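Asks: coordinates only, no sequence provided:
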């Protein structure tokens, strides 16, 4: 039987305690004690499933804050004339404890619900209400989401209270002081160990087909635990462990998915029917299409039919929205630096941003929205295949595989080591032990762009290679049809550290590829921490104000961030 649940129904079934942050001494304050009793619920597998879906439904409540915190604090999104004083303060890194955008209560509400679900799943398993496999899948899923929420808190607040038990009534709140506050490095270590010790990182097998807000959860709706495990390894400097997971996520495809193009960063004309698609078509594709399923790693759908409207409309839309945020001049300039093809980077104007009524608009979040319509559909794409390739490249670059990283960011594996061979009359003019169009290295570096034709795979010494696992890969920049960025030998007379240059290239390309999607502040922070270089983040964020001739604010922001003062205050 297929479950079809809307947000209000899930909330009625899930044990959700409404909480609010208001001081350092008292982190939580109840606004309602109407909590569902575990004695009445959590008796059947359907109860467990509803509780899991309740957590997913709550995630929509942080969609706007996720974008605001991760983008406004960085360099790609700026505020408009409609922004209130708190949003302006967040943009200019002048946040105090009263700033409503800096209040993490929305995150802790979901964490408290996660704790409640985790606790009751344990009881259900102990009481034999659910099987071992049912418990492990649901427990791992909700625990991983809790880890993700804490990681988000960590990148913005630095030091956060680490709460692992649910608050069910006012008296429980009084025990808040018994819980530790973890600094970011300690929090990261805790999250890594928690994720490593989960019973499973695999997707659900025992969950019945289910729609949440009109989306079949099997189509990228479930949290990808493997991807997040890789992300934590990347943050923790465990690059080899990260690379192994990213590599497995590139291919092979799960059963029922497009095995040719699955997360392989293929050209936009490789999805069948002889059609060359646009980025707009990918982002507006229906969830059952190959375009959608090959692109998205984790995505949640806004669907007005289930009382869930696209909240990003308020942030970005001029007509029908509040138009609070806009593209920064830095982000607009990023897409015009490397023109190619029709003289523009197609990921920029007309897709990521556009002009409406003479004003710049962040477009990719509202491209399915018809101005002034009460129906506000859309998608919250949290992770895409682009992050897999960019972060895999980031990891292998730190593992002395700089050229492989460079290829994946630029024009893809079919262009790997082209100087070591040549195609003549559709025969490979290279030897079987030559890394021509392939790495010839063990996992997790075992990538190949060799073509599919048998004659093309035959070497001059008679060896026939199998088709390359990334034979359709065109690289991140190649998919956008923009030119290759080469690594120079020197800049201003100084020799170039190729590893650092490529790492900068990856971060800069991330701004063009996944800009506005909620990754920018974490990306900048990760590199600043890794290099122990506060100027890495300070100069980039300050440039947002330099480009609009606000030099005083630019200097203030630069000085603050250069001092290592990166984190928001807790109320």
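Replies: Alright, I've got the coordinates. All figures in this text were calculated on a predicted structure; none of them were measured in a lab.
Asks: how much space between residue 518 and residue 303?
Replies: Applying C-beta to C-beta, to the nearest Å, the value for residue 518 to residue 303 is 20 Å. (Each C-beta comes from the backbone N, C-alpha and C, glycine too.)
Asks: would you check the distance separating stretch 302-320 from the middle of the chain?
Replies: Remark: stretch 302-320 is offset 20 Å from the chain centroid, using C-alpha atoms, centre = their mean, to the nearest Å.
Asks: check stretch 373-388 too.
Replies: On C-alpha atoms, centre = their mean, the centre of stretch 373-388 falls 11 Å from the chain's centre.
Asks: chain neighbours aside, what residue packs nearest to the residue at the greatest distance from the centre of the chain?
Replies: Residue farthest from the centre of the chain, counting by C-alpha atoms, centre = their mean, is residue 461 at 45.1 Å. Nearest non-adjacent residue to residue 461, counting by C-beta to C-beta, 6 or more residues apart in numbering: residue 431, 5.3 Å away.
Asks: what's the burial count for the one you found?
Replies: If you count neighbours by other C-beta atoms under 10 Å, residue 431 ends up with 14.
Asks: likewise for residue 391?
Replies: Applying other C-beta under 10 Å, I find that residue 391 has 26 neighbouring residues.
Asks: ok, then the element right after the helix or strand where it lies?
Replies: Element membership of residue 391 [criterion: DSSP states H and E] is helix 385-397. Going down the chain from helix 385-397, the next helix or strand is helix 402-409, by DSSP H and E.
Asks: run the angle between that following helix and helix 385-397 for me.
Replies: 170 degrees (axes from the mean of the first three to the mean of the last three C-alpha atoms, to 10 degrees).
Asks: pLDDT of the top helix by length along the chain, averaged?
Replies: Taking DSSP state H as the criterion, the chain has its longest helix at helix 132-157. On average, the pLDDT along helix 132-157 is 98.
Asks: could I get the buried residue list for it?
Replies: 134-157 (16 or more other C-beta atoms under 10 Å).
Asks: next structured bit after it?
Replies: Scanning onward from helix 132-157 (DSSP H and E), the first element met is strand 160-161.
Asks: what about that following strand, distance to the chain center?
Replies: 22 Å.
Asks: which secondary structure elements does that strand contact?
Replies: helix 132-157, strand 181-182 (3 or more C-beta pairs under 8 Å, 6 or more residues apart in numbering; DSSP states H and E).
Asks: any idea of the mean pLDDT for it?
Replies: 94.
Asks: ditto for stretch 240-257
Replies: pLDDT averaged over stretch 240-257 gives 89.
Asks: what does it contact?
Replies: The contact list for stretch 240-257 (C-beta atoms under 8 Å, 6 or more residues apart in numbering) reads 203, 224, 226-227, 229-231, 233-234, 259, 262-264, 290, 293-294, 297, 388-389, 391-392, 395-396, 399, 443-446, 469-470.
Asks: related to what we said a few turns ago, nearest approach to residue 195 belongs to which of the helices and strands packed on strand 160-161?
Replies: Ranking the helices and strands packed on strand 160-161 by proximity to residue 195 (C-beta to C-beta) places helix 132-157 first, at 5.7 Å.
Asks: list the helices and strands that closest one packs on?
Replies: Checked by 3+ C-beta pairs under 8 Å, 6+ apart, helix 132-157 has helix 45-59, helix 105-126, strand 160-161, helix 184-196, helix 225-235, helix 520-531 packed alongside it.
Asks: what's the closest of those to residue 91?
Replies: helix 520-531 (11.9 Å).
Asks: show me the contacts for residue 192.
Replies: With C-beta under 8 Å, 6+ apart, residue 192 has these contacts: 232-233, 236, 238.
Asks: between those, which is nearest residue 456?
Replies: Lowest distance from residue 456 to the contacts of residue 192 (C-beta to C-beta) belongs to residue 233, with 36.4 Å.
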